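Okay, here's the prediction I keep looking at, along with the sequence it came from:
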Amino acid sequence: MNSAKTPLEHFVAAVDAEKLGVYGVRIRVGDHVASHRWRSDDRENLYSVSKGVCALATGMAIDEGLISLDLRVPEAFPELQLGDGVDQVTLRHLLTMSSGIDFLWFGHEAVPWPDLAAEMLSRSTGGRRFQYSDVSTYVAMRMLATVVGDVRDWLLPRLFDPLEIDNPQWHRCPLGYIIGGTGLELRTDELARIGEVLLDRGNYRGRSLVSPEWVDSMHSSWVETGRPTPMERYGIATWAGPGDAWRLEGRYGQFVVVNGDAVVTITGHEESLEDRLSELAVEVTG
């Protein structure tokens, strides 16, 4: 018996009854998989779910001994003029949104500065406080690029090819670097394979892509955000909840929700009830 079938039926019924804007869903429970589509499986902007792929890239580079979470900004960018206190900001702070640099920028906005990373890092930091922004992940990926080159291309043989994700596109800044915090375009089924890597602690169908300890660390050391539920705790590109679950979450209802031995992958365009989608993912797999 397919143990993913009943959760899928409940999820689909709720989406239809509540008129939620979902494109597709794929549910894996244990070794069983079931999926449903409301429209064609086209590649969509994953928005902030892209941050989760940046986290996997970082973990792979750490596994290869190329970089450390303790790498400080001036070690990666010795040529830049830094704001007060920014010399103590690390890769970890950028990935966990805790650099304390008061600079908001998101991927749908223009880049009016010659260098987005240089602009952010020229601002001062107020200490280790949470501020969510795409630019934080962008700068983290610029740091990674100093040791691996183009991050998207570096990931091809390490992540995308093993998952049979052919030639994925990632939005780029005017200087040619991936935005990182947003802009990766994948189909629901392609994103679901990344969800399986998270569920299986770095393993995909018998092949280890990243260490299990790294995947565990992505959702074990939480930063208190000061935001209301379900945004009160943030890890390395992950959010805590609902309940004991943890998730990647992107604008308009892009989700990878890991709940026990289940993972639910959702793509769609839901402008007002995104939180209901992650709640449903946990409800049907609880």
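Structure received.

give the contact list for the spatially most central residue of the chain.
Nearest residue to the geometric centre of the chain (CA atoms, centre = their mean): residue 52, 2.2 Å. By CB atoms under 8 Å, 6 or more residues apart in numbering, the residues touching residue 52 are 194, 198, 218, 237-238, 248, 256. C-beta coordinates here come from the backbone N, C-alpha and C atoms, glycine included.

what's the closest of those to residue 65?
Checking the contacts of residue 52 against residue 65 by CB to CB gives residue 218 as the nearest, at 19.2 Å.

Please report the distance of the closest one from residue 276.
Relative to residue 276, residue 218 is positioned 24 Å away (CB to CB, to the nearest Å).

Output the contacts of residue 52 in JSON lines; the columns should cover pLDDT.
Listed next are the contacts of residue 52 as JSON lines, based on pLDDT from 0 to 100:
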{"residue": "194", "pLDDT": "98"}
{"residue": "198", "pLDDT": "98"}
{"residue": "218", "pLDDT": "98"}
{"residue": "237", "pLDDT": "98"}
{"residue": "238", "pLDDT": "98"}
{"residue": "248", "pLDDT": "98"}
{"residue": "256", "pLDDT": "99"}
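
Go through those and flag which are in helices.
Mapping the contacts of residue 52 onto helices (DSSP state H) picks out 194, 198, 218.

can you pick the most crowded of these?
In terms of neighbours by other CB atoms under 10 Å, the ones in helices among the contacts of residue 52 top out with residue 194 at 26 neighbours.

Pipe the contacts of residue 52 into TSV and attach distance to residue 58 per row.
Output for the contacts of residue 52, formatted as TSV (distance: CB to CB, whole Å):
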residue	distance to residue 58
194	14
198	14
218	9
237	9
238	13
248	14
256	17
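
quick one: residue 33 is in a helix?
No - looking at residue 33 with DSSP: H, G, I helix; E, B strand; the rest coil, it is strand, so not inside a helix.

isn't it right next to residue 25, touching?
No - if you go by CB atoms under 8 Å, residue 33 and residue 25 don't touch, sitting 11.3 Å apart.

These two: who's more crowded?
Remark: of residue 33 and residue 25, residue 25 carries more neighbours, 27 against 18, as counted by other CB under 10 Å.

Identify the residues contacting residue 8.
If you count contacts by CB under 8 Å, 6+ apart, residue 8 has them with 25, 27, 34-36, 284.

can we see that at 7 Å?
Contacts of residue 8 were listed using CB atoms under 7 Å, 6 or more residues apart in numbering, and they are 27, 34, 36.

again, but for residue 26
Taking CB under 7 Å, 6+ apart as the criterion, residue 26 is in contact with 33, 35, 188-189, 192, 265.

Please repeat the previous calculation with a cut-off of 10 Å.
Residues near residue 26 by CB atoms under 10 Å, 6 or more residues apart in numbering: 4, 8, 33-37, 41, 188-189, 191-193, 195-196, 256, 263-267.

Give me the common contacts of residue 33 and residue 25.
Common contact partners of residue 33 and residue 25 (CB under 10 Å, 6+ apart): 8, 192.

Out of the contacts of residue 52, which comes closest to residue 145?
residue 237 (17.0 Å).

I'd guessed that closest one sits against residue 58; true?
Yes - contact criterion CB atoms under 10 Å: residue 237 and residue 58 qualify, at 8.7 Å.
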